[in-house]
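Colleague: A predicted structure for the sequence below; I have some questions about it.
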Amino acid sequence: MKHSADSGFFNGLVLGMLLSLTAGAVTLYLLSVLDIISVSLLEIPQLQGLLEWCQRNLGLSIIPFAVTLGLYVRSLRLLGQYLGEQRPQDEIAQLEHLSDVWISLFFGIGVIWTAIGMRSALLFALGDPGVTTQAGAYAVLSRLVDGGILTALTTTIVGGVGGYLMRVIKSSLLGTRLNHYYEAQDQRHALRVEDLLREIRESVDGIGTGAVVAGQGGT
(Lines give C-alpha, C1' and ligand atoms only; values in the text may rest on other atoms or scores of the structure.)
Protein backbone atom coordinates (compact mmCIF):
# COMPACT_ATOMS: atom_id res chain seq x y z
CA MET A 1 0.00 0.00 0.00
CA LYS A 2 2.86 2.33 0.85
CA HIS A 3 4.59 1.44 -2.43
CA SER A 4 1.43 2.33 -4.36
CA ALA A 5 1.15 5.67 -2.56
CA ASP A 6 4.82 6.48 -3.23
CA SER A 7 4.39 5.53 -6.88
CA GLY A 8 1.31 7.74 -7.19
CA PHE A 9 3.16 10.65 -5.57
CA PHE A 10 6.13 10.23 -7.91
CA ASN A 11 3.90 10.05 -10.99
CA GLY A 12 2.01 13.16 -9.89
CA LEU A 13 5.30 14.99 -9.27
CA VAL A 14 6.62 14.09 -12.73
CA LEU A 15 3.40 15.15 -14.44
CA GLY A 16 3.28 18.38 -12.46
CA MET A 17 6.84 19.25 -13.43
CA LEU A 18 6.08 18.49 -17.07
CA LEU A 19 3.01 20.72 -16.98
CA SER A 20 4.92 23.57 -15.35
CA LEU A 21 7.78 23.34 -17.84
CA THR A 22 5.34 23.27 -20.76
CA ALA A 23 3.45 26.33 -19.51
CA GLY A 24 6.68 28.23 -18.92
CA ALA A 25 8.09 27.36 -22.34
CA VAL A 26 4.89 28.39 -24.13
CA THR A 27 4.74 31.68 -22.23
CA LEU A 28 8.35 32.48 -23.08
CA TYR A 29 7.77 31.56 -26.71
CA LEU A 30 4.69 33.79 -27.03
CA LEU A 31 6.47 36.71 -25.37
CA SER A 32 9.33 36.30 -27.81
CA VAL A 33 7.08 36.03 -30.89
CA LEU A 34 5.11 39.11 -29.85
CA ASP A 35 8.39 41.01 -29.24
CA ILE A 36 7.40 41.69 -25.65
CA ILE A 37 10.80 40.45 -24.47
CA SER A 38 14.07 40.02 -26.28
CA VAL A 39 15.57 36.58 -26.10
CA SER A 40 19.03 38.11 -26.31
CA LEU A 41 18.43 39.74 -22.94
CA LEU A 42 18.27 36.30 -21.38
CA GLU A 43 21.89 35.67 -22.46
CA ILE A 44 21.17 32.00 -23.17
CA PRO A 45 22.38 31.22 -26.70
CA GLN A 46 20.96 27.70 -26.64
CA LEU A 47 17.54 29.00 -25.67
CA GLN A 48 17.69 31.65 -28.35
CA GLY A 49 18.55 29.05 -30.97
CA LEU A 50 15.70 26.81 -29.79
CA LEU A 51 13.16 29.62 -30.00
CA GLU A 52 14.35 30.61 -33.46
CA TRP A 53 14.05 27.00 -34.59
CA CYS A 54 10.52 26.77 -33.18
CA GLN A 55 9.48 30.00 -34.90
CA ARG A 56 10.81 28.77 -38.23
CA ASN A 57 9.65 25.14 -38.06
CA LEU A 58 6.55 25.19 -35.85
CA GLY A 59 5.22 28.73 -36.00
CA LEU A 60 1.99 29.25 -34.12
CA SER A 61 1.20 25.52 -34.19
CA ILE A 62 3.16 25.27 -30.96
CA ILE A 63 0.23 26.94 -29.17
CA PRO A 64 -2.43 24.26 -29.86
CA PHE A 65 0.23 21.58 -29.40
CA ALA A 66 1.12 22.97 -25.97
CA VAL A 67 -2.49 23.50 -24.90
CA THR A 68 -3.39 19.94 -25.89
CA LEU A 69 -0.33 18.61 -24.08
CA GLY A 70 -1.26 20.55 -20.95
CA LEU A 71 -4.82 19.20 -21.00
CA TYR A 72 -3.42 15.71 -21.51
CA VAL A 73 -1.11 16.04 -18.51
CA ARG A 74 -3.98 17.37 -16.40
CA SER A 75 -6.15 14.41 -17.40
CA LEU A 76 -3.38 11.98 -16.44
CA ARG A 77 -2.96 13.65 -13.05
CA LEU A 78 -6.69 13.47 -12.34
CA LEU A 79 -6.83 9.89 -13.57
CA GLY A 80 -4.05 8.87 -11.21
CA GLN A 81 -5.80 10.70 -8.37
CA TYR A 82 -9.14 9.04 -9.13
CA LEU A 83 -7.52 5.61 -9.22
CA GLY A 84 -5.99 6.23 -5.81
CA GLU A 85 -9.37 7.32 -4.45
CA GLN A 86 -11.18 4.34 -6.04
CA ARG A 87 -13.72 6.57 -7.76
CA PRO A 88 -16.74 5.02 -9.56
CA GLN A 89 -16.00 3.20 -12.79
CA ASP A 90 -17.92 5.65 -14.98
CA GLU A 91 -15.75 8.55 -13.78
CA ILE A 92 -12.54 6.59 -14.36
CA ALA A 93 -13.68 5.47 -17.82
CA GLN A 94 -14.73 8.99 -18.81
CA LEU A 95 -11.42 10.48 -17.73
CA GLU A 96 -9.46 7.77 -19.52
CA HIS A 97 -11.50 8.43 -22.64
CA LEU A 98 -10.75 12.15 -22.29
CA SER A 99 -7.01 11.49 -22.17
CA ASP A 100 -7.35 9.41 -25.35
CA VAL A 101 -9.20 12.34 -26.95
CA TRP A 102 -6.25 14.65 -26.23
CA ILE A 103 -3.88 12.12 -27.80
CA SER A 104 -6.02 11.93 -30.92
CA LEU A 105 -6.26 15.72 -31.01
CA PHE A 106 -2.47 15.96 -30.86
CA PHE A 107 -2.28 13.74 -33.93
CA GLY A 108 -5.00 15.83 -35.58
CA ILE A 109 -3.22 19.13 -34.98
CA GLY A 110 -0.19 17.79 -36.82
CA VAL A 111 -2.33 16.73 -39.78
CA ILE A 112 -4.35 19.95 -39.89
CA TRP A 113 -1.31 22.22 -39.57
CA THR A 114 0.37 20.25 -42.33
CA ALA A 115 -2.47 21.14 -44.68
CA ILE A 116 -2.40 24.77 -43.51
CA GLY A 117 1.35 25.03 -44.02
CA MET A 118 1.24 23.42 -47.47
CA ARG A 119 -1.55 25.73 -48.60
CA SER A 120 0.24 28.83 -47.31
CA ALA A 121 3.51 27.77 -48.93
CA LEU A 122 1.90 27.11 -52.31
CA LEU A 123 -0.03 30.37 -52.26
CA PHE A 124 3.08 32.30 -51.33
CA ALA A 125 5.29 30.59 -53.93
CA LEU A 126 2.83 30.32 -56.82
CA GLY A 127 0.34 33.04 -56.02
CA ASP A 128 1.91 35.53 -58.43
CA PRO A 129 2.22 33.87 -61.88
CA GLY A 130 4.43 36.67 -63.21
CA VAL A 131 7.00 36.32 -60.46
CA THR A 132 6.87 32.52 -60.67
CA THR A 133 7.48 32.53 -64.41
CA GLN A 134 10.48 34.86 -64.19
CA ALA A 135 12.00 33.22 -61.11
CA GLY A 136 14.07 30.08 -61.31
CA ALA A 137 13.53 26.78 -59.54
CA TYR A 138 15.73 27.80 -56.61
CA ALA A 139 13.74 31.00 -56.11
CA VAL A 140 10.47 29.07 -56.14
CA LEU A 141 11.90 26.62 -53.60
CA SER A 142 13.00 29.51 -51.41
CA ARG A 143 9.51 30.99 -51.58
CA LEU A 144 8.05 27.62 -50.59
CA VAL A 145 10.32 27.52 -47.55
CA ASP A 146 9.49 31.09 -46.61
CA GLY A 147 5.80 30.38 -47.15
CA GLY A 148 5.64 27.61 -44.57
CA ILE A 149 6.67 24.30 -46.13
CA LEU A 150 9.02 23.61 -43.21
CA THR A 151 6.19 24.22 -40.77
CA ALA A 152 3.98 21.80 -42.68
CA LEU A 153 6.56 19.02 -42.61
CA THR A 154 7.71 19.61 -39.03
CA THR A 155 4.20 19.62 -37.58
CA THR A 156 3.57 16.25 -39.22
CA ILE A 157 6.59 14.80 -37.43
CA VAL A 158 5.80 16.48 -34.10
CA GLY A 159 2.16 15.40 -34.20
CA GLY A 160 3.00 11.78 -35.02
CA VAL A 161 5.94 11.31 -32.67
CA GLY A 162 4.32 13.29 -29.87
CA GLY A 163 1.05 11.36 -30.15
CA TYR A 164 2.79 7.99 -29.90
CA LEU A 165 4.91 9.19 -26.99
CA MET A 166 1.76 10.31 -25.19
CA ARG A 167 0.34 6.80 -25.59
CA VAL A 168 3.54 5.26 -24.25
CA ILE A 169 3.59 7.63 -21.26
CA LYS A 170 -0.02 6.86 -20.40
CA SER A 171 0.57 3.13 -20.64
CA SER A 172 3.80 3.31 -18.63
CA LEU A 173 2.47 5.49 -15.81
CA LEU A 174 -1.10 4.26 -15.44
CA GLY A 175 -1.48 1.12 -17.55
CA THR A 176 -0.91 -1.37 -14.72
CA ARG A 177 -3.11 0.54 -12.26
CA LEU A 178 -5.91 0.80 -14.82
CA ASN A 179 -5.76 -2.93 -15.52
CA HIS A 180 -5.89 -3.76 -11.81
CA TYR A 181 -8.78 -1.34 -11.30
CA TYR A 182 -10.88 -2.80 -14.12
CA GLU A 183 -10.10 -6.34 -12.99
CA ALA A 184 -11.24 -5.47 -9.48
CA GLN A 185 -14.43 -3.94 -10.89
CA ASP A 186 -15.10 -7.06 -12.98
CA GLN A 187 -14.60 -9.28 -9.93
CA ARG A 188 -16.93 -7.07 -7.92
CA HIS A 189 -19.61 -7.31 -10.59
CA ALA A 190 -19.14 -11.09 -10.78
CA LEU A 191 -19.60 -11.37 -7.00
CA ARG A 192 -22.77 -9.28 -7.20
CA VAL A 193 -24.15 -11.56 -9.89
CA GLU A 194 -23.29 -14.62 -7.82
CA ASP A 195 -24.98 -13.13 -4.76
CA LEU A 196 -28.06 -12.28 -6.82
CA LEU A 197 -28.24 -15.78 -8.27
CA ARG A 198 -27.83 -17.29 -4.80
CA GLU A 199 -30.65 -15.11 -3.46
CA ILE A 200 -32.87 -16.13 -6.36
CA ARG A 201 -32.06 -19.80 -5.80
CA GLU A 202 -32.77 -19.51 -2.08
CA SER A 203 -36.04 -17.74 -2.83
CA VAL A 204 -37.05 -20.45 -5.31
CA ASP A 205 -36.10 -23.18 -2.82
CA GLY A 206 -38.10 -21.41 -0.12
CA ILE A 207 -41.14 -21.16 -2.38
CA GLY A 208 -40.80 -24.84 -3.31
CA THR A 209 -40.46 -25.88 0.33
CA GLY A 210 -43.49 -23.80 1.28
CA ALA A 211 -45.54 -25.39 -1.49
CA VAL A 212 -44.58 -28.87 -0.36
CA VAL A 213 -45.47 -28.07 3.26
CA ALA A 214 -48.78 -26.59 2.17
CA GLY A 215 -49.55 -29.69 0.09
CA GLN A 216 -48.79 -31.99 2.98
CA GLY A 217 -50.98 -29.92 5.29
CA GLY A 218 -53.87 -30.14 2.84
CA THR A 219 -53.71 -33.91 2.77
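Modeller: Received it, and whenever you're ready, just let me know what you need. The shown structure was predicted, so the numbers you read here are calculated from the model rather than taken from an experiment.

Colleague: can you give me phi and psi for Pro88?
Modeller: phi -60, psi 150 (degrees, to the nearest 10).

Colleague: Near it, how many other residues are there?
Modeller: 10 (other CB atoms under 10 Å). Any C-beta I mention is one placed from the backbone N, CA and C, and that applies to glycine too.

Colleague: Mind pulling up the pLDDT for it?
Modeller: pLDDT recorded at Pro88 is 86.

Colleague: Report the residue spans of this structure with pLDDT below the cut-off.
Modeller: Along the chain, the parts satisfying pLDDT under 70 run over 1-16, 18-19, 21-26, 28-48, 125-147, 205-219.

Colleague: report the longest helix in it, please.
Modeller: Across the chain, the longest stretch assigned as helix under DSSP state H is helix 149-218.

Colleague: Tell me how far Leu173 lies from Gly148.
Modeller: 35 Å (CB to CB, to the nearest Å).

Colleague: typed the wrong thing, it's Trp53
Modeller: 15 Å.

Colleague: Which residue of the two possesses the greater neighbour count?
Modeller: Neighbour comparison, Trp53 and Gly148: the larger count goes to Gly148, with 24 against 12 (by other CB under 10 Å).

Colleague: So that one versus Ile116, what's the distance?
Modeller: Distance from Gly148 to Ile116, by CB to CB: 8 Å.

Colleague: who touches both of the two?
Modeller: The contact sets of Gly148 and Ile116 do not overlap (CB atoms under 8 Å, 6 or more residues apart in numbering).

Colleague: quick revisit: check which helices and strands the longest helix of the chain is in contact with.
Modeller: In terms of contacts (3 or more CB pairs under 8 Å, 6 or more residues apart in numbering; DSSP states H and E), helix 149-218 is packed against helix 2-33, helix 45-57, helix 62-85, helix 89-126.

Colleague: what angle do it and helix 89-126 make?
Modeller: Relative orientation of helix 149-218 versus helix 89-126 (axes from the mean of the first three to the mean of the last three CA atoms, to 10 degrees): 160 degrees.

Colleague: What is the burial count for the closest residue in space to Gly162 that isn't next to it in sequence?
Modeller: Spatial nearest neighbour of Gly162, chain neighbours left out: Phe106 (5.5 Å); criterion: CB to CB, 6 or more residues apart in numbering. As a burial measure, Phe106 scores 25 neighbours (other CB under 10 Å).

Colleague: Many thanks, I have nothing further to ask.
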